[in-house]
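A.B. asks: Take a look and give me a structure for this.
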Amino acid sequence: MNEKNLKVLAAQIRLETLKVIHSRGFGHVGGSMDLADLMAVLYGEVMKYDPKNPRWEDRDWLVLSKGHAGPVAYATFGLMGFYPMEDAYTLNQPGTKFPSHTDRKLTPGVDLTTGSLGQGVSTATGAALGNKIDGRDSYVYCVVGDGEADEGQVWEGFHFA
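C.D. replies: So this is what the prediction gives:
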C-alpha cells in the first residue's frame, strides 16, 4: 500500500474509532486515536493476517497491552473485513462481542485478551516464544501504554524477550 493509501486508511480508522466510541457515548478517545497511524501501517502493509480466518496459525499477532484502546482495534478489524463495521457499534452494550478491553474469546481479530496494565508484554512474549518453538516465522507486535511502562511485569517481560 502506498503512503497516500495508508494516510486514507488511518483517517478511516480515526473516523470509525470515533463512531465506535460515540455509539456508547464514552470511552478512551485519546488512548485509541493515538494508534490510528500505527494500525494503518500494521494492517495496511506490514502484518500477515486473514480476516476470514482470524486464528490462522501463521498470522502475525497484535497485542494491545493497553487494552482500553479496544475501539481502535475494533475499527481497524471492521475496516479490514473481520466483521461488518456496524457490529462494533455495540461497544460495551450487554451481550456485545466488543467490550471496553479487548477479549480474544469475544472479538474476531483479537489475538490476546488484555486489560490489566502490564500484562500484555508478558503474554505477547509468551506468544512469540510459542510461535518460535512451533517453527513459525510470524511476528508478535505489542503496543504498550505510557501508564504501564513502569510496571515491574513489563520490564521483566522485556528482559525475558
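
A.B. asks: alpha carbons only for contacts and neighbour counts from here, please
C.D. replies: Noted.

A.B. asks: so where do the strands sit in this structure?
C.D. replies: With DSSP state E as the criterion, the chain has strands at 61-64, 140-143.

A.B. asks: The last one - contacts with which helices or strands?
C.D. replies: Put plainly, it is strand 140-143. The contact analysis (3 or more CA pairs under 8 Å, 6 or more residues apart in numbering; DSSP states H and E) places strand 140-143 against strand 61-64, helix 119-133.

A.B. asks: most packed of those?
C.D. replies: Among those, strand 61-64 has the highest mean neighbour count (mean count of other CA atoms under 10 Å), at a mean of 24.

A.B. asks: can I assume residue 61 is in contact with residue 141?
C.D. replies: Yes: using CA atoms under 8 Å, residue 61 is in contact with residue 141, at 6.0 Å.

A.B. asks: Now mean pLDDT too, for the strands of the chain, in TSV please.
C.D. replies: Output for those, formatted as TSV (pLDDT from 0 to 100):
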stretch	mean pLDDT
strand 61-64	96
strand 140-143	96
